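**Q** pasting a predicted model and its sequence here:
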Amino acid sequence: MDETLRLNSPSMSRRKLLNFLTGAAVATTAGAAIYPVSKYFVPPSETTEGGAILAKDKIGNPIRASQILAEPVGTRALVAGLAGEPTYLTVKEDGTLGDRGIVNNCTHLGCTFPWNEMDEQFQCPCHGSRFAPDGSVERGPADRPLKLVRISIEGDRIWIAPWNDIDPRTGQKPWWV
């Protein structure tokens, strides 16, 4: 009888096991360091499937709906909208936010303009165009109404989406679509 002791070779040697554990530790550490760095360089998604974005202030912070609704009735709040375009939001008589916003770019040469509370119209200081509260032209040289955007509120967030429907002021397809 053979009295030798047979040893089966293990499937993984000690060296392979230590190499595997070292590699796993290095990969875990590298992943933990790379993830926050990559999140820093990739901006958070603030859009929806329909192209809506959050309304923001002039330095890029999201504006809460409660902040604008705290203003008096008839207030026209200026926020950064689609593509950073300044957009007027209106507090309605019932204390809610209007369902459409008006982009603050004159359709004549693209100047920005203030809301004149005394005359209740938008007045372009560059060439004298005047626009009604709904953005329709009252006096030229601008020949097209102001661009509209759709406004919706979810929770305390204000979402601004492109207006692709029929323009309610003209009853036709919008000129900006």
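**A** It's in.

**Q** pLDDT at the residue nearest to A80 when sequence neighbours are not counted, what is it?
**A** In space, and not counting its chain neighbours, A80 is closest to K56: 4.5 Å by Cβ to Cβ, 6 or more residues apart in numbering. For every residue, glycine as well, the C-beta is placed using N, CA and C. If you check K56, the pLDDT there is 86.

**Q** bridging residues for K56?
**A** P62, A80 (DSSP bridges).

**Q** P72: what's its closest spatial neighbour, skipping adjacent residues?
**A** Closest to P72 by Cβ to Cβ, 6+ apart is V91, at 7.1 Å.

**Q** what residues are up against the residue nearest to A80?
**A** P62, I63, V79, A80 (Cβ atoms under 8 Å, 6 or more residues apart in numbering).

**Q** what about the residue nearest to P72, how many neighbours?
**A** Neighbours of V91 under the rule other Cβ atoms under 10 Å: 19.

**Q** for A142, same thing?
**A** Here the number of neighbours of A142 (other Cβ under 10 Å) works out to 20.

**Q** my guess is E71 contacts A65. True?
**A** No. At 11.2 Å, E71 does not count as touching A65 under the criterion of Cβ atoms under 8 Å.

**Q** these two: which is more packed in?
**A** A65 (20 against 13).

**Q** who's in contact with that one?
**A** Counting by Cβ under 8 Å, 6+ apart, A65 makes contact with L97, I153, G155, D156, R157, I158.

**Q** mind running it again at 10 Å?
**A** Residues counted as contacts of A65 (Cβ atoms under 10 Å, 6 or more residues apart in numbering) are 55, 89, 96-97, 151-159.
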